[in-house]
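Asker: how would this look folded up:
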Amino acid sequence: MSADNEALKNNISCASCGINSEDDDIKLKKCTACNLVRYCSITCQKNHRPQHKRACKKRAAELRDKILFQQPKSTHQGDCPICLLPLPHDLSKITLKSCCCKLICKGCVHANYLREEEEGIESTCPFCRRPVPKTAAESKLNRTKRIEKNDPAAMREEGARCCAEKDYAGALELWTKASKLGDADAHYQLSVMHCFDRSTVRDVKKELYHMEEAAIRGHQIARHNLGCHEGRNGRIERAMKHFIIAANLGDDLSMKKIKDGYVEGDVSKEDFAAVLRAHQASVDATKSSQREEAELAKQRGLSRIA
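Answerer: Model prediction:
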């Protein structure tokens, strides 16, 4: 029987008892791990598990790798909601506003500051135009309101505050909620937490799971860490795949790993050249005259942005 015919048979017949869904008008449920076979009942699935286990794990790993090694369109931070340019890779050039929990580049923050100074008006958020919180208590109250509205950014930020205060249980709870809402940085923080045994027993499996979930969503640091993990385990080809994806997103550490890989013969000349171009393009996309002006103002002490 050909592979296509075998696949068709698996889709219309129970893999355990062989009952045909077309003849017997029975709805079959597929194996959610591999999508290769279908079953008419949980009993049939359990009975067939010993025969199917190896093929299921292999196929599930292939499907996971297909998702894991896709090149994200951008980093997990996305674009500044005001100037619509990709947010800088340097986190010191980004600020999170507690009022609306939006990540904003400091170029836009500085431009807003200049506008307020010129017009002599009250300081407000560049995005939502609400008054800037004057105390830490006001900022916390804003985050609490955002958390009540299931804002993952607010959960992530409050989780970081809990962690700084060594309230690891609180951080774990908040980051877990944010990760379930698809927040990449929450997944990354959970991977770090499981790695360093904070508030929970170290769990390498969970550490890698959350690291992968963060990487899939464009978290370049998590992607770099996955490359290092694969490299330590001798899986150089997989490591270089991770470094290439992270370097394409603008990660400098991964670009250095690619250069080392090229010197050692683990990366081809063509791949190295392509990554160099993509890395530079990603870095250049985050630059603007407004952001450069903000950086100069910061260095001269002419701006109130931190």
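Asker: and the strands in the stretch 1-150 of the chain, which stretches?
Answerer: With DSSP state E, counting those that start in this stretch as the criterion, the stretch 1-150 of the chain has strands at 29-30, 38-39, 94-96, 103-105.
Asker: indicate which one of those strands is closest to R64.
Answerer: Closest approach to R64 among the strands of the stretch 1-150 of the chain (C-beta to C-beta): strand 29-30, 16.7 Å. Bear in mind the C-beta positions are built from the backbone N, C-alpha and C, glycine included.
Asker: just the pLDDT at A33, thanks.
Answerer: A33 is assigned 87 on the pLDDT scale.
Asker: show me what contacts it?
Answerer: Listed by C-beta atoms under 8 Å, 6 or more residues apart in numbering, the contact set of A33 reads C56, K57, R59, A60.
Asker: let me have the strands of the stretch 1-150 of the chain in JSON lines, extended by distance to N11, mean neighbour count and mean pLDDT.
Answerer: Below are the strands of the stretch 1-150 of the chain laid out as JSON lines (distance: least, C-beta to C-beta, whole Å; neighbours: other C-beta atoms under 10 Å; pLDDT from 0 to 100):
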{"stretch": "strand 29-30", "distance to N11": "8", "mean neighbour count": "14", "mean pLDDT": "88"}
{"stretch": "strand 38-39", "distance to N11": "6", "mean neighbour count": "22", "mean pLDDT": "90"}
{"stretch": "strand 94-96", "distance to N11": "48", "mean neighbour count": "16", "mean pLDDT": "92"}
{"stretch": "strand 103-105", "distance to N11": "45", "mean neighbour count": "22", "mean pLDDT": "95"}
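Asker: Throw these into TSV and include distance to C128, thanks.
Answerer: TSV is the format used below for the strands of the stretch 1-150 of the chain (distance: least, C-beta to C-beta, whole Å):
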stretch	distance to C128
strand 29-30	45
strand 38-39	50
strand 94-96	13
strand 103-105	10
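Asker: which of those sits closest to K134?
Answerer: Taking C-beta to C-beta, strand 94-96 is the member of the strands of the stretch 1-150 of the chain nearest to K134, at 16.1 Å.
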